[in-house]
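# got a sequence here, can you build the structure:
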Amino acid sequence: MQSEQYPQLPPKNSDIKRFEPVNLVKFTSPDDEGGLKLGQALQSLHRQLPVIVGVTFIVTSLALLKAITSKPTYQASFEILAKVITEETRVISQVTLNNRDDNSKSSVDSTTLKLLKSPRIINPIVDQLKLKYPDVNYESLSDGLVLKVITEAEILNVSYEDKDSTKVKAVLDLVSNAYLDYSLEERLAEVQQGLDFVDSQLPKIEESASKLQDKLQSFRQQYNLIDPESTRKQLAEQISTISQQRLENQVKLDEAYALAFDLDSQLANPSSNSKGSAALQDNARYQSLLSQIQVLEIQIAKDLSVFQESTDKIKVLRDQQTNLLALLSQEGERTKELLASQIRELESRSEILSQAEEQLNQQVKQLSIVSRQYNDIQQEIKITNDNLNQFLTKREALRIDAGQRKTPWQILTPLKDPVASSSDIKRNALLGVILGLLLGIGIALLRDKLSNLLRTPNEVKDTSKLPILGVIPFNSALISDKKQDGISDLIPLEKSLIDNENNTTIEKLIEIINIKSLVQRSHKRLEGEANATQPYYMTSIFLESFRSLYTNIRLLSPDDKIRSIVISSSLPSEGKSTTSVYLAQAAAALGKRVLLVDADLRRPKLHERLHFSNAVGLSNLISSNLSFDEVVQRSPIEPNLSILTSGHLPPDPTRLISSQKMQDLMQLFQETFDLVIYDTPPLIGMVDAKLLASKTDGIIMVVGLDKTKVSSLNQALELLSNSPIVVFGIVANRSKDYVASLNDTYKHY
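The predicted structure follows:
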């Protein structure tokens with residue numbers, strides 16, 4: 001069977017033959033979103049929760065012990081309103097300069113905080129304190145002062161703590177006075193700086209305003225306009241009037257063209273019986289001549305009935321007719337000339353109107369450019385005047401403020417006696433909890449990482465570089481200390497059945513009947529009664545996962561059907577036998593003839609879990625002349641499922657597995673059944689699975705989550721990499737991300 005390899009695989013597993021997973025049923029997990037894989041981290045923390053709690057408790061206890069045994073610390077504080085409250089300052093705050101914005105920032109910013117703890121202010125305080133406290137220096141005093149700003153209220157909170165309560169009070173007294181003096185000095189310095197700046201900027205702004213006014217006057221004189229908007233309206237009205245006149249003239253011109261066309265047609269084919277075109281109808285002379293011609297034609301017609309054409313009377317009438325027609329033609333030509341003259345006049349008028357309209361449009365375009373320049377000049381004048389007014393207002397406010405000597409900052413809360421701080425215990429406890437949690441989380445993640453266990457299907461996929469054919473949810477009913485391979489019965493039993501050779505034949509028969517009854521009841525409960533009024537959906541996601549697994553196996557090779565597979569794992573107790581049993585049941589339930597072969601001739605377990613007799617089995621079929629029908633057993637709940645137990649344990653299982661008889665039997669199995677499933681020993685340390693897989697369509701690896709190590713899986717895949725065995729993919733067993741029931745999924749159906 002042909003296989004395709006995945007591109008860009010690691011060298012260690014690059015020789016493993018794989019199937020490309022086409023249209024597989026997708027299995028989602030919390031880690032499928034990628035990124036930091038938060039789901040895996042949370043699962044790791046949950047597994048290591050005792051470690052986190054223990055480390056946090058120890059670190060917190062040590063922090064509390066240190067806080068309790070240390071000498072108490074005294075603390076005091078006061079608050080300063082760091083905001084100028086004079087009327088002049090309110091005026092100043094309402095005026096914004098180009099380079100200053102008093103409303104956009106607090107009076108105490110980060111720069112001010114650094115300045116308040118700078119040597120310029122702290123050193124004079126240290127000099128005064130050294131008279132009573134010689135050990136005081138700049139570093140200790142600056143480190144002990146804590147400054148906090150409430151930005152919304154512009155309040156500065158100053159606190160200090162020390163082991164000596166008297167020292168705390170003395171320090172804060174000096175600091176409060178120093179800060180008030182600093183605020184006054186800074187206020188006066190800022191006011192003077194503002195005055196200097198305003199005085200330096202006013203001449204420039206006044207000059208700029210004057211130049212802009214001159215520019216506006218020159219602009220108006222150059223383009224002979226007062227307001228571009230009114231000029232634009234006048235031009236628009238003129239354009240509208242001319243457009244209307246041009247339209248009316250064009251209508252007249254079209255009418256004249258039509259009259260000329262009709263006149264040409266009439267003159268080209270004159271007829272005494274026709275009244276002529278509209279232009280000829282309005283010509284009284286032409287109509288009179290036409291009437292005379294018609295009367296003469298009537299007279300000629302009457303006389304011809306009496307006289308011949310050659311008679312003098314008829315000739316006279318014909319001469320008269322000829323003369324009248326000549327006059328009629330001349331009148332038509334004259335009418336045509338008059339109409340042509342009218343057309344030329346209308347065409348000239350149309351041309352004049354078009355030129356006038358074009359000139360007006362050009363003026364409008366020119367006005368748009370002029371208007372934009374005019375608006376730019378007006379905007380510059382407005383901005384300059386606004387700045388000039390602001391600077392003038394600011395200068396007057398600053399002059400008033402410079403004459404004030406009132407301290408801008410005020411003490412809001414007076415200094416109280418220092419009190420012993422109880423925050424040490426709380427702070428140490430909080431720091432202990434935070435540090436303990438961080439340390440515990442770090443240790444937990446490190447321990448989980450060092451465990452080298454595969455935790456999620458994504459980790460299995462990333463490690464093996466193989467497709468995940470199925471994810472089997474964790475089922476606590478399958479976990480038992482007595483079941484080494486992680487497999488339980490196909491159905492829940494009301495009591496455990498233990499083979500006892502001392503039981504009587506009647507007791508064994510009663511047990512078998514009870515087992516069969518329980519199997520049938522369980523089968524009906526899972527599949528639903530045939531006469532049910534409503535469909536009964538599968539309530540076990542565990543069983544449904546095996547149907548999805550079988551579906552994925554079928555989709556692996558849509559062209560060539562997979563007839564035989566080997567189920568194995570890296571090490572024991574990963575759930576390969578469980579997977580074999582339930583996969584066989586799922587395939588049989590879908591109408592396939594399935595043979596489940598217990599090819600583990602070292603530690604067979606299927607016959608015990610399925611409660612089948614193991615008196616004869618695969619080993620007996622290979623080593624004796626028993627027929628296949630004498631050895632194979634039918635499932636009581638699935639008529640399409642046949643089971644071939646292992647039989648007696650041979651002294652050398654490898655010899656039997658690799659025998660020609662075994663190969664012939666495998667060929668017979670594949671020809672007889674739609675699907676043959678071989679439950680084999682683990683790959684590491686034994687060659688049974690490799691020998692069988694080489695004679696089948698391929699092998700499926702079962703990985704027990706939270707049990708299999710990365711090294712074990714890599715070792716097993718390395719064993720398969722040097723053989724032509726096709727590896728279909730991985731089955732991730734015991735996933736705790738799946739719930740144990742489909743009730744929530746189907747409850748809305």
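# residue boundaries of the strands in the stretch 601-749 of the chain?
Taking DSSP state E, counting those that start in this stretch, the strands of the stretch 601-749 of the chain run over residues 633-634, 641-644, 675-679, 698-704, 726-735.
# of all the ones you listed, which one is nearest residue 263?
strand 726-735 (97.0 Å; Cβ to Cβ). Every C-beta, even on glycine, is put in place using the N, C-alpha and C of the backbone.
# so who does the residue nearest to residue 606 when sequence neighbours are not counted touch?
Excluding its sequence neighbours, the residue lying closest to residue 606 (Cβ to Cβ, 6 or more residues apart in numbering) is residue 598, at 4.2 Å. Going by Cβ atoms under 8 Å, 6 or more residues apart in numbering, residue 598 touches 604, 605, 606, 607, 617, 618, 643, 644, 645, 646, 679.
# same thing but at 6 Å, please
604, 606, 645, 646, 679 (Cβ atoms under 6 Å, 6 or more residues apart in numbering).
# for it, give me the backbone phi and psi.
In terms of degrees, to the nearest 10, the main-chain angles of residue 598 are phi -90, psi 90.
# look up how far residue 65 lies from it.
Distance, residue 598 to residue 65, using Cβ to Cβ, to the nearest Å: 62 Å.
# sorry, back to before: dump the strands of the stretch 601-749 of the chain to CSV, plus distance to residue 119, mean pLDDT and mean neighbour count.
Shown next, in CSV, are those (distance: least, Cβ to Cβ, whole Å; pLDDT from 0 to 100; neighbours: other Cβ atoms under 10 Å):
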stretch, distance to residue 119, mean pLDDT, mean neighbour count
strand 633-634, 96, 92, 15
strand 641-644, 90, 94, 23
strand 675-679, 83, 95, 26
strand 698-704, 67, 92, 26
strand 726-735, 65, 89, 25
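# neighbours of residue 197, how many?
As a burial measure, residue 197 scores 18 neighbours (other Cβ atoms under 10 Å).
# distance from the chain centre to the one helix or strand it maps to, please.
Secondary structure from DSSP states H and E places residue 197 in helix 165-223. Centroid displacement of helix 165-223 relative to its chain, using Cα atoms, centre = their mean, to the nearest Å, is 49 Å.
# which elements pack onto that helix?
strand 74-81, helix 119-129, strand 155-162, helix 312-402 (3 or more Cβ pairs under 6 Å, 6 or more residues apart in numbering; DSSP states H and E).
# at 8 Å instead, please
strand 74-81, helix 110-116, helix 119-129, strand 155-162, helix 312-402 (3 or more Cβ pairs under 8 Å, 6 or more residues apart in numbering; DSSP states H and E).
# closest one of the contacts of residue 598 to residue 206?
residue 679 (101.0 Å).
# contact partners for that closest one?
567, 576, 577, 580, 581, 596, 597, 598, 599, 600, 606.
# surely the last one and residue 646 touch.
Yes: under the criterion of Cβ atoms under 8 Å, residue 606 lies in contact with residue 646, with a separation of 7.4 Å.
# next, the angle from the helix or strand containing residue 237 to helix 165-223.
If you go by DSSP H and E, residue 237 is part of helix 228-268. Going by axes from the mean of the first three to the mean of the last three Cα atoms, to 10 degrees, helix 228-268 is angled at 40 degrees with respect to helix 165-223.
# and helix 228-268, what's its mean pLDDT?
Averaged across helix 228-268, the pLDDT comes to 82.
# low pLDDT regions in the stretch 51-200 of the chain?
Residue ranges of the stretch 51-200 of the chain with pLDDT under 70: 67-72, 83-107, 151-153.
# still on that earlier bit, anything in contact with each of residue 606 and residue 646?
Joint contacts of residue 606 and residue 646 (Cβ under 8 Å, 6+ apart) are 598, 600.
# quick revisit: with mean neighbour count and distance to residue 176 added, can I get the helices and strands packed on helix 165-223 in JSON lines?
Listed next are these as JSON lines, based on neighbours: other Cβ atoms under 10 Å; distance: least, Cβ to Cβ, whole Å:
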{"stretch": "strand 74-81", "mean neighbour count": "19", "distance to residue 176": "6"}
{"stretch": "helix 110-116", "mean neighbour count": "13", "distance to residue 176": "12"}
{"stretch": "helix 119-129", "mean neighbour count": "15", "distance to residue 176": "10"}
{"stretch": "strand 155-162", "mean neighbour count": "20", "distance to residue 176": "7"}
{"stretch": "helix 312-402", "mean neighbour count": "15", "distance to residue 176": "24"}
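# as a markdown table, the ones you listed with distance to residue 459 would be great.
Converted to a markdown table, these look like this (distance: least, Cβ to Cβ, whole Å):
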| stretch | distance to residue 459 |
| --- | --- |
| strand 74-81 | 52 |
| helix 110-116 | 47 |
| helix 119-129 | 58 |
| strand 155-162 | 51 |
| helix 312-402 | 66 |
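# quick check: which of the ones you listed is nearest to residue 414?
Nearest of the helices and strands packed on helix 165-223 to residue 414, taken as Cβ to Cβ: strand 74-81 at 6.8 Å.
# what angle do the closest one and strand 155-162 make?
Going by the same axes, to 10 degrees, strand 74-81 makes 160 degrees with strand 155-162.
# show me the domain layout of this protein.
57-213+403-428, 228-391, 454-476+538-746 (automatic domain parsing).
# in stretch 591-609, what's buried?
For stretch 591-609, burial by neighbour count (16 or more other Cβ atoms under 10 Å) applies to 592, 594-601, 604-609.
# before we move on, what about stretch 256-271?
256, 259, 260, 262, 263, 266, 267.
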